[in-house]
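In: can't give you the sequence, but here's the structure:
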């Protein structure tokens, strides 16, 4: 009698049946899927918090290097450049972005608003700035000055260039205008604080080679080349002391904008002058020079992340 096929088929164990073994393994794996996913998620979260302090340090270092060599934010401490730049005690002063590489490719010129270290004749009679006895306070003061959040430790000034080396400057003609090489200046940026629209006479002074003559836009409330060091040639500022050119007002938001660099010695509009694209060459070079810094920062960030991953 023929036998029943189902009854004649031998029993298969999990060891002999690949399908049974696969199903058993799948059941065991399924039971562990949820805890494994949870552990991976927790590990990823822990990795982020480990990496965050390193990324913050890298970002601060890059910001420091950029401000040391490319551009830096400065706080305006006084009102000597009103109304171009705002600054006063107890108020919210302007923070300006100073381009530090422009003068690597061009010379400072009339009309440029520049930040510079006070030369010896400007600071020789100044009392030393008292330092805090608290080392933590000194640390945050130095960090704040780098990022434009606090006044700088050194004696830095911001003024507008009126004349350059070899030119003769004096004041004033019959219309109360400053003269350079006998020609009156066009100065629409002057601010007359208190309403007194009259400048004090000075000069003539021939600006020494390698220096510039600077004055504040708040013309009757500015200690500048007319007075510093006793005036005359001692009031001129060495070009080597210039830190950079003020480009932008970055804070507060209500004051955002570019800083005027109107050339007071410029010829009338119908005279020959350099095309606008040539005047923008230094800034363009500065932007191109900044690109390698961005690339380096990306590589450093990738290297840091790779180190963190290998250390896990």
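Out: That came in fine, so what should we check first? As the structure is a prediction and not an experimental result, all values here were calculated from the model. Residues are numbered from 1 along each chain as shown.
In: ok, residue 60 - how many residues close by?
Out: Applying other Cβ atoms under 10 Å, we find 13 other residues in the vicinity of residue 60. From N, CA and C alone the C-beta is placed, and that goes for glycine too.
In: Within the helices and strands, which one has it?
Out: helix 18-69 (DSSP states H and E).
In: Quick one: mean pLDDT over that helix.
Out: Regarding helix 18-69, the rounded mean pLDDT is 61.
In: just stretch 81-91 next, same as before
Out: Stretch 81-91 comes out at a mean pLDDT of 89.
In: now do stretch 209-227
Out: On average, stretch 209-227 scores 96.
In: Tell me the buried residues in that stretch?
Out: 211-222, 224-226 (16 or more other Cβ atoms under 10 Å).
In: Skipping adjacent residues, who's closest to residue 225 in space?
Out: Distance criterion Cβ to Cβ, 6 or more residues apart in numbering; nearest residue to residue 225, sequence neighbours excluded, is residue 235 at 3.7 Å.
In: quick one: low-confidence ranges for the stretch 201-312 of the chain?
Out: 268-312 (pLDDT under 70).
In: which residues of it fall in helices?
Out: Counting by DSSP state H, counting those that start in this stretch, the stretch 201-312 of the chain has these helices, from start to end: 276-279, 281-311.
In: Skip the chain neighbours and tell me the closest residue to residue 187.
Out: Closest to residue 187 by Cβ to Cβ, 6+ apart is residue 264, at 5.0 Å.
In: so how far is residue 113 from the one you found?
Out: 12 Å (Cβ to Cβ, to the nearest Å).
In: Then residue 158?
Out: 7 Å.
In: Quick one: residues contacting residue 256.
Out: Residues near residue 256 by Cβ atoms under 8 Å, 6 or more residues apart in numbering: 248, 249, 250.
In: One more pass at 6 Å, please.
Out: Contact analysis of residue 256 by Cβ atoms under 6 Å, 6 or more residues apart in numbering lists nothing.
In: just use 42 as the starting number from now, easier for me
Out: Fine by me, first position is 42 from now on; the one you just mentioned is residue 297.
In: now it: how far from residue 231?
Out: With Cβ to Cβ as the criterion, residue 297 and residue 231 are 23 Å apart.
In: quick one: which of the buried residues of stretch 250-268 is nearest residue 216?
Out: Nearest to residue 216 out of the buried residues of stretch 250-268 is residue 260 (Cβ to Cβ; 14.3 Å).
In: how close does the closest residue to the closest one other than its chain neighbours get to residue 255?
Out: Leaving out its chain neighbours, the residue that sits closest to residue 260 by Cβ to Cβ, 6+ apart is residue 231, at 5.1 Å. Distance, residue 231 to residue 255, by Cβ to Cβ: 14 Å.
In: related to what we said a few turns ago, which of residue 199 and residue 154 has more residues huddled nearby?
Out: More crowded of residue 199 and residue 154, by other Cβ under 10 Å: residue 199, with 26 against 23.
In: Wait, that one touches residue 156, no?
Out: Yes. Counting by Cβ atoms under 6 Å, residue 199 touches residue 156, with 5.0 Å between them.
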